[in-house]
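*Asks:* The following block contains a protein sequence and its predicted model.
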Protein chains: 2
Amino acid sequence: MRQTSNLRKKERRSGRRRGAERTRTAGHAARAVRNARSAKRRDAILNAALDEFSSRGFEGARLDDVARRAGVAKGTIYLYFRDKEMLFQELVRTMLTPLVGTIEAMGEVDVSVTEMADRIADLFVREVYETRRKDVVRLMISEGRRFPKLAEFYYHEVLSRIVAAVRKVLRRAVARGEIPEGLAQYPQIIAAPAILAIVWNGLFERFEQLDVRQLMKIHIELLFSQRRRP
Amino acid sequence: MRQTSNLRKKERRSGRRRGAERTRTAGHAARAVRNARSAKRRDAILNAALDEFSSRGFEGARLDDVARRAGVAKGTIYLYFRDKEMLFQELVRTMLTPLVGTIEAMGEVDVSVTEMADRIADLFVREVYETRRKDVVRLMISEGRRFPKLAEFYYHEVLSRIVAAVRKVLRRAVARGEIPEGLAQYPQIIAAPAILAIVWNGLFERFEQLDVRQLMKIHIELLFSQRRRP
DNA sequence: ACATCATGACTGACCAGTCAGTCAGTGTGA
DNA sequence: TCACACTGACTGACTGGTCAGTCATGATGT
């Protein structure tokens, strides 16, 4: 459950070079150690926050609980995040940003539509549905409305890029006559079962299982199987 | 601790027959007036609650605000609902229960799949998306996870019935060879764009409009257009 | 000796839920 | 028809408790 480890915590603490040339090496080493510890704490807090936000919602989550779960005093949280809201926003940003690159790359390669759809489905299942990112997306769905800034960030930095990349591939396919035009107008259709799965999973999984992989596979087959004019 | 006093006020106030046969009619009329007013208040409270819950979420909503918006004192809310949680649950129940009948009826008629899909889409747009029920469904999506009882009610009383009704029609179509088998396994696929639309509407509508009707129409066309074996 | 990081007790604001009191409307008796 | 008693729906100030955010103090490393 450590998968957030790769979230660019190295961020160069800008400036601060003055004097003490003698201890340069030692200083650097020390700073590196500190940064590492600091990043670890930040991560622990984010992880704990995800748990608490997920099970209680933004308003319902208690920072005391986040602190306890992270093995840290409450005040420490405020050394890393301005307030509860920023903690939430950083959580979403930190967990979802790394996906963007992967997704954009997808639009560059000239693959067939079905190939692309399969890749999207696979990426979603492996990198979102089967990880804690699923919970982050669920949080985004549940609470995003009350964080307009975050919704905006998410739309511009994540969604619109995905939509653009997918649309690109779809347009090519339309031009080749492989698929009807409608799909290129609403690339969201491809993602619809993914959203459905996350919502269903949160609400009804205990009554009726839903096999996401299968769900998406069937959906894609239905959408893309070759068809004749009616 | 006097709540419950007037919950379900139609309740035959058992016994209590003593004299005064003369005023029977007047008494009935008076009671009718009271009941009407009472129902009106209940409605006002539910309406106000929907507004507040929608914009602030369950935890974020203040009963003081609900009361003010309903034009009622805070205490009055507690004459009609045991506590905040029951208010929320009643809200969802009251708004969604009326739909169930309509939906079940749909499974009874032996229509074609596309006909059924069109009807579902139309019903959804007219009775949910274009009404305040959309907000109720959104609340269910956002907060349902923290109300297991409510999720259970919703699953058993609403969802599973829809799924069963739709599945029935789909099975017939499969038997006739009209559609491939996959869809009958996951009738949820038909509803996926509806969920997507509600989520999108809440989060991103201000950046990019989404025409639900068109979205669902295209999706249905893609799913059901006749196809040849690959 | 100093800088930085970390702590957790504390504070002030906030809010769900309560309850003593009010009063509009109803029944009763003359 | 009037006056008086009675009822219970309604009110809103209040209470008990909670929690985000602060800060005086302590720990650690250089």
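*Replies:* Looks like it arrived, so ask away. All of these numbers come straight from a predicted model, not from anything done at the bench. Numbers count the residues shown, from 1 in each chain, chains lettered A, B, ... in the order given.
*Asks:* tally of neighbours for the residue of chain A found nearest DNA strand C?
*Replies:* With Cβ to the nearest atom of the strand as the measure, the residue in chain A that lies nearest DNA strand C is A:Gly75; the distance is 1.9 Å. Heads up, the C-betas are built off the backbone N, CA and C, glycines and all. A count of neighbours around A:Gly75, defined by other Cβ atoms under 10 Å in any protein chain shown, yields 8.
*Asks:* give me the element it is part of.
*Replies:* Under the criterion of DSSP states H and E, A:Gly75 resides in helix A:74-80.
*Asks:* roughly how far out does that helix sit from the chain middle?
*Replies:* For helix A:74-80, the gap between its own C-alpha mean and the chain's C-alpha mean amounts to 24 Å (Cα atoms, centre = their mean, to the nearest Å).
*Asks:* Run through the neighbouring helices and strands of that helix.
*Replies:* Counting contacts by 3 or more Cβ pairs under 8 Å, 6 or more residues apart in numbering or on different chains; DSSP states H and E, helix A:74-80 is packed against helix A:24-60, helix A:63-70.
*Asks:* tell me the most buried of the ones you listed?
*Replies:* Mean neighbours per residue, mean count of other Cβ atoms under 10 Å in any protein chain shown, is largest over these for helix A:63-70, with a mean of 18.
*Asks:* ok, back up a step: out of the helices and strands packed on helix A:74-80, the one nearest A:Asp211 is which?
*Replies:* Nearest to A:Asp211 among the helices and strands packed on helix A:74-80 is helix A:24-60; the distance by Cβ to Cβ comes to 22.2 Å.
*Asks:* any low-confidence regions in chain A?
*Replies:* Chain A contains residues with pLDDT under 70 at A:1-36, A:226-230.
*Asks:* one step back: in the helix holding A:Gly75, what counts as buried?
*Replies:* Of the residues in helix A:74-80, those with enough neighbours to count as buried (16 or more other Cβ atoms under 10 Å in any protein chain shown) are A:Thr76, A:Ile77, A:Tyr80.
*Asks:* Leaving out the residues flanking it, which one is nearest to the spatially most central residue of chain A?
*Replies:* With distances taken as Cα atoms, centre = their mean, the residue of chain A nearest its centroid is A:Leu96 (2.5 Å). For A:Leu96, the nearest residue in space outside its immediate sequence neighbours is A:Val158; the separation is 5.8 Å by Cβ to Cβ, 6 or more residues apart in numbering or on different chains.
*Asks:* And the helices in chain A, which stretches?
*Replies:* Assigned by DSSP state H, chain A shows helices spanning A:24-60, A:63-70, A:74-80, A:84-108, A:113-124, A:133-143, A:148-153, A:160-175, A:182-185, A:188-204, A:212-224.
*Asks:* what angle do the second one and helix A:84-108 make?
*Replies:* Inter-element angle recorded for helix A:63-70 and helix A:84-108: 60 degrees (by axes from the mean of the first three to the mean of the last three Cα atoms, to 10 degrees).
*Asks:* Helix A:63-70 close to DNA strand D?
*Replies:* Yes - when contact is scored as Cβ under 7 Å from any atom of the strand, part of helix A:63-70 falls within range of DNA strand D: A:Leu63, A:Asp64.
*Asks:* Check which helices and strands that helix sits against.
*Replies:* helix A:24-60, helix A:74-80.
*Asks:* Try it again at 10 Å.
*Replies:* Applying 3 or more Cβ pairs under 10 Å, 6 or more residues apart in numbering or on different chains; DSSP states H and E, one finds that helix A:63-70 contacts helix A:24-60, helix A:74-80, helix A:84-108.
*Asks:* want to throw these into TSV with distance to B:Ser54?
*Replies:* Compiled in TSV, the helices and strands packed on helix A:63-70 are given as follows (distance: least, Cβ to Cβ, whole Å):
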stretch	distance to B:Ser54
helix A:24-60	14
helix A:74-80	30
helix A:84-108	20
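*Asks:* Now do the helix holding A:Gly75: everything it contacts.
*Replies:* In this structure, residues lying in contact with helix A:74-80 by Cβ atoms under 10 Å, 6 or more residues apart in numbering or on different chains are A:38-39, A:41-46, A:48-49, A:62-68, A:70, A:72-73, A:83-84, A:86-87, A:90.
*Asks:* Among the helices of chain A, single out whichever gets nearest to B:Glu104.
*Replies:* With Cβ to Cβ as the criterion, B:Glu104 lies closest to helix A:188-204 of the helices of chain A, at 18.8 Å.
*Asks:* Kindly export the closest one (C-alpha atoms) in CSV.
*Replies:* Extracted C-alpha coordinates of helix A:188-204, given in CSV (Å, rounded to 0.1, in the frame of the first residue of the first chain):
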residue,chain,number,x,y,z
GLN,A,188,-16.5,10.4,-22.4
ILE,A,189,-18.6,7.4,-23.4
ILE,A,190,-15.6,5.2,-23.3
ALA,A,191,-15.0,6.3,-19.7
ALA,A,192,-18.6,5.9,-18.5
PRO,A,193,-18.3,2.4,-17.3
ALA,A,194,-15.2,3.3,-15.3
ILE,A,195,-17.1,6.0,-13.4
LEU,A,196,-20.0,3.6,-13.0
ALA,A,197,-17.7,1.0,-11.6
ILE,A,198,-16.2,3.3,-9.0
VAL,A,199,-19.6,4.5,-7.9
TRP,A,200,-21.1,1.0,-7.8
ASN,A,201,-18.1,-0.3,-5.9
GLY,A,202,-18.6,2.3,-3.2
LEU,A,203,-22.3,1.8,-2.8
PHE,A,204,-23.4,-1.6,-3.8
